[in-house]
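Participant: Sequence and predicted model, in that order:
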Amino acid sequence: MVDADQTFVIVGGGLAGAKAAETLRAEGFSGRVILICDERDHPYERPPLSKGYLLGKEERDSVFVHEPSWYARNDIELHLGQSVDAIDRAAKTVRFGDDGTLVHYDKLLLVTGAEPRRLDIPGTDLAGVHHLRRLAHAERLKGVLTALGRDNGHIVIAGAGWIGLEVAAAAREYGAEVTVIQSAPTPLHHVLGPELGELFAELHRDHGVRFHFGVRLTEIIGQDGMVLAARTDDGEEHPAHDVLAAIGAAPRAALAEAAGLELADPAHGGGIAVDASLRTSDPDIYAAGDVASFHHPLFGTRLRVEHWANALNGGPAAARAMLGREVAYDRVPYFFSDQYDVGMEYSGWAPPGTYDEVVIRGDAGKRHFIAFWLKEGRVLAGMNVNVWDVTDRIQKLIRERTVVDPEALSDPGVPLESLAP
């Protein structure tokens, strides 16, 4: 039973945390809602940091989940620039890291997100080495790309995942020279596999990006605190004025681990293990967003999903569960990307080794198509590239698990809805 005397604490001030607070009020919760954010900025969305905001096409204020006055109007106790360094599960308190203040909770939601993985090589302390996760990072990087474009400068990007490729596209639009270093044989290899990864390599090559595959950075060379070049393990040196480390993100699960909460196997992405209602191994503590690992019934495995849609939907789902509502979180993973004149949406989960066939509907050469990843005739994932308003139909194919005819699936003349009636 939830009543007005209860206190719900949310640790983490990103999209998931802000949406959880919004949902608590929308669902009628009248108790205390405390939202603790370790950044000084109000909660914001992250996709613009490597897309519209980085390109200067979106204003800074557009990234925030709510206008600043929304929190006071909705009686949300917002603590900016504050961190939590301990959870006492027996006393049901969290402790602020700066002054040791203890805050009681009846229910606790951990939406602590993820943090960029660091390059463990010499030279990472140089001024021109960057990461992209926070608004402050994007502000700094936007200035860097502007200067590189003006001065015909060169940026080396370690990693060819979504962040690496989106920053590469932004850097080229600013006019900077770009080299991408990637240990795998294609971009996005661990997400899309080699078939579609090569398509993104071609897209970037067409816009002047240089790729160096099958190697890793071993050293960032500098002088007087500034970057001069980046060396790879094949002995090559790549000229650089700046370096972006875009080699993935790690779940911020240390707080949960110290509190004795169950963690997920690192082989499945790590993070905080939660059940179908996003509840942790402690019945009064929940987790959502990038840090949460949940068992997905469609794919039969634990997933930790770092994308925007998971934060957007996971925060509200956890809030409803905290209120005692019946929750079964089984959203089909979804994300989107914009690079140059190519926009795409991806639904599902089909890393290499999980599928046995890729079917293309449309013209991949013209970058106007839908790709489907199949296992024994069933659709595991779909990616629409410059084809719009098909996400619901793709997700229905994934959910229905119907065996489809690959020839019909590849034919643009056969309506998708006819394949999953």
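Facilitator: Yes, it's here.

Participant: May I see the buried residues of stretch 402-421?
Facilitator: 404, 409, 416, 419-420 (16 or more other Cβ atoms under 10 Å). For glycine as for every other residue, the C-beta is placed from the backbone atoms N, C-alpha and C.

Participant: Going by distance to L54, which of the residues you listed wins?
Facilitator: Nearest to L54 among the buried residues of stretch 402-421 is L416, at 33.3 Å by Cβ to Cβ.

Participant: quick revisit: which two of the buried residues of stretch 402-421 have the greatest separation?
Facilitator: Farthest pair in these (Cβ to Cβ) is L409 and A420. Separation: 10.4 Å.

Participant: Where do the helices of the stretch 51-200 of the chain begin and end?
Facilitator: Taking DSSP state H, counting those that start in this stretch to define them, one finds helices in the stretch 51-200 of the chain at 69-73, 135-151, 162-174, 189-206.

Participant: now the last one and helix 162-174, what's the angle there?
Facilitator: An angle of 10 degrees separates the directions of helix 189-206 and helix 162-174 when computed by axes from the mean of the first three to the mean of the last three Cα atoms, to 10 degrees.

Participant: now for helix 189-206, which elements pack on it?
Facilitator: Here helix 189-206 touches helix 162-174, strand 177-182, strand 210-213, strand 334-339, strand 357-363, strand 368-375, going by 3 or more Cβ pairs under 8 Å, 6 or more residues apart in numbering; DSSP states H and E.

Participant: Okay, buried residues for the last one please.
Facilitator: The neighbour-count criterion (16+ other Cβ under 10 Å) identifies 369-374 as the buried residues of strand 368-375.

Participant: and the next element down the chain from that strand?
Facilitator: Per DSSP states H and E, strand 368-375 leads on to strand 378-385 as the next helix or strand towards the C-terminus.

Participant: What of the fourth one?
Facilitator: Where DSSP H and E defines the elements, the next helix or strand beyond strand 334-339 is strand 342-348.

Participant: Doesn't A321 belong to a strand?
Facilitator: No - going by DSSP: H, G, I helix; E, B strand; the rest coil, the assignment for A321 is helix, not a strand.

Participant: how much space is there between it and G149?
Facilitator: A321 sits 47 Å away from G149, taking Cβ to Cβ, to the nearest Å as the criterion.

Participant: Have a look at these two and say which one is more surrounded.
Facilitator: Higher neighbour count among A321 and G149: A321, with 23 against 18, using other Cβ atoms under 10 Å.

Participant: what's near enough to touch the more buried one?
Facilitator: 277-279, 286, 327 (Cβ atoms under 8 Å, 6 or more residues apart in numbering).

Participant: Among those, which one has the most neighbours?
Facilitator: Neighbour max across the contacts of A321 (other Cβ under 10 Å) = Y286, 30 neighbours.

Participant: wait, doesn't it sit right on L278?
Facilitator: Yes - shown here, Y286 and L278 form a contact pair, counting by Cβ atoms under 8 Å, at 5.0 Å.
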